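> Test case, fold it:
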Amino acid sequence: MQKKKTVVLSAVSVVAVAVIAAIIIFSMNGHAVQNPNSQNNINSETLFSSSSYYPYAYLIFPGVLSPAAREAITGFNLDLKNNPDGSTTINLVATNPEYKNQSYTMKPGEKLYFIERSFGDDSDGGEHFLGDDKAVVVNSAGYIVQGPGSA
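Residues are numbered from 1 along each chain as shown. Next comes the predicted model:
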């Protein structure tokens with residue numbers, strides 16, 4: 001009977017250590033790994049260049065906007081603020097009052113891409129379909145750390 005108690009106690013100890021290790025790893029990583037079949041189809045293990053967003057992506061930070069990127073963000077004003085910790089806050093301020101502003105805080109080395117699936121809804125200097133324009137944050141290794149719908 002004593003041997004059974006020892007085996008059960010050992011099994012409980014192993015499970016407890018595994019749970020504690022998982023909590024520590026999660027808190028150090030800062031990103032929960034999501035199911036790749038989730039609505040946003042993102043996680044910290046998704047290579048941006050292999051994602052479904054990549055063909056529709058326009059780099060908006062860092063650097064100077066290309067003419068295509070400028071066209072992609074039609075309906076938004078771009079506002080950048082350098083922070084004391086070296087990060088940059090990027091605000092996409094909607095020109096249409098029916099749409100939400102978007103804000104992203106970028107760590108050094110990260111890139112921000114604007115996803116524009118269809119330019120057909122952006123005419124007369126405005127945004128006419130409010131559901132297709134979001135941004136994706138990509139880390140220095142090229143992996144998505146924040147995608148559309150998770151801002």
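
> Would you mind confirming that Tyr56 is in contact with Ala135?
No: counting by Cβ atoms under 8 Å, Tyr56 stays clear of Ala135, with 11.5 Å between them. Bear in mind the C-beta positions are built from the backbone N, C-alpha and C, glycine included.

> So between those two, which is more surrounded?
Ala135 (25 against 17; other Cβ atoms under 10 Å).

> which SS state does that one fall under?
strand (DSSP: H, G, I helix; E, B strand; the rest coil).

> so what's it up against?
Neighbouring residues of Ala135 by Cβ atoms under 8 Å, 6 or more residues apart in numbering: Ile60, Leu92, Gln102, Tyr104, Leu112, Tyr113, Phe114, Ile115, Pro148, Ala151.

> What sits closest to the third one if chain neighbours are left out?
On the basis of Cβ to Cβ, 6 or more residues apart in numbering, the spatially nearest residue to Gln102 that is not a chain neighbour turns out to be Leu92, at 4.2 Å.

> any idea which helix or strand carries Ala141?
Taking DSSP states H and E as the definition, Ala141 sits outside all helices and strands.

> Return the distance of it relative to Leu47.
Note on Ala141: its distance to Leu47, by Cβ to Cβ, to the nearest Å, is 9 Å.

> wait, isn't Asn83 in contact with Lys107?
No: assessed by Cβ under 8 Å, Asn83 is found out of contact with Lys107, at 10.1 Å.

> Settle it for me: which of those two has more neighbours?
Set Asn83 next to Lys107 and count neighbours by other Cβ under 10 Å: Lys107 wins out with 13 against 10.

> what's the spacing between that one and Gly75?
From Lys107 to Gly75 the distance is 27 Å (Cβ to Cβ).

> what does Tyr104 give?
Computed as Cβ to Cβ, the Tyr104 to Gly75 distance reads 17 Å.

> Fine by me, we can end here.
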